[in-house]
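> sequence? don't have it. structure:
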């Protein structure tokens with residue numbers, strides 16, 4: 001019992017993520033900020049981390065942010081990494097084959113690491 005409690009405390013204190021995950025998360029969020037018209041208005045949900053290879057991570061989830069007219073666009077899927085910030089509508093919406101294929105490859109459940117907050 002005591003060992004289990006210590007293990008839980010250590011997991012909480014260590015940050016609970018693979019090496020490089022936090023740095024990748026911060027850089028990916030910055031890339032999304034560059035992508036969105038009004039990044040301060042962004043409301044993220046269902047964000048999950050996926051390990052592509054080694055210390056390379058991508059983040060998939062949903063974002064709702066204001067457009068250039070000041071209105072919220074509605075929740076849409078996004079893919080972000082330190083080098084890419086991409087929303088579903090940027091590639092033509094839900095029917096776009098390029099976004100669908102990218103989502104299927106990057107946000108593959110077999111590569112799932114953990115849920116994160118953005």
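Received, thanks. A quick note: this is a predicted structure, and the numbers were derived from the prediction, not measured. Numbers count the residues shown, from 1 in each chain.
> how many neighbours does the residue lying closest to residue 81 once chain neighbours are set aside have?
Leaving aside its sequence neighbours, residue 81 sits nearest to residue 58 (CB to CB, 6 or more residues apart in numbering; 4.4 Å). The way it works is simple: take the backbone N, C-alpha and C, and place the C-beta from them, glycine included. If you count neighbours by other CB atoms under 10 Å, residue 58 ends up with 25.
> one more: residue 25?
Residue 25 has 21 neighbouring residues, counting by other CB under 10 Å.
> tell me the SS of it?
Secondary structure state of residue 25, per DSSP: H, G, I helix; E, B strand; the rest coil, is helix.
> quick check: it touching residue 114?
No: Residue 25 is not in contact with residue 114 according to CB atoms under 8 Å; the separation is 10.5 Å.
> quick check: neighbours shared by the two?
residue 49 (CB atoms under 8 Å, 6 or more residues apart in numbering).
> ok, back up a step: ok, now which ones touch the residue nearest to residue 81?
Contact analysis of residue 58 by CB under 8 Å, 6+ apart lists 28, 49, 50, 52, 79, 80, 81, 84, 106, 107.
> dump the residue contacts of the fifth one.
In other words, residue 79. 58, 59, 60, 86, 102, 103, 106, 107.
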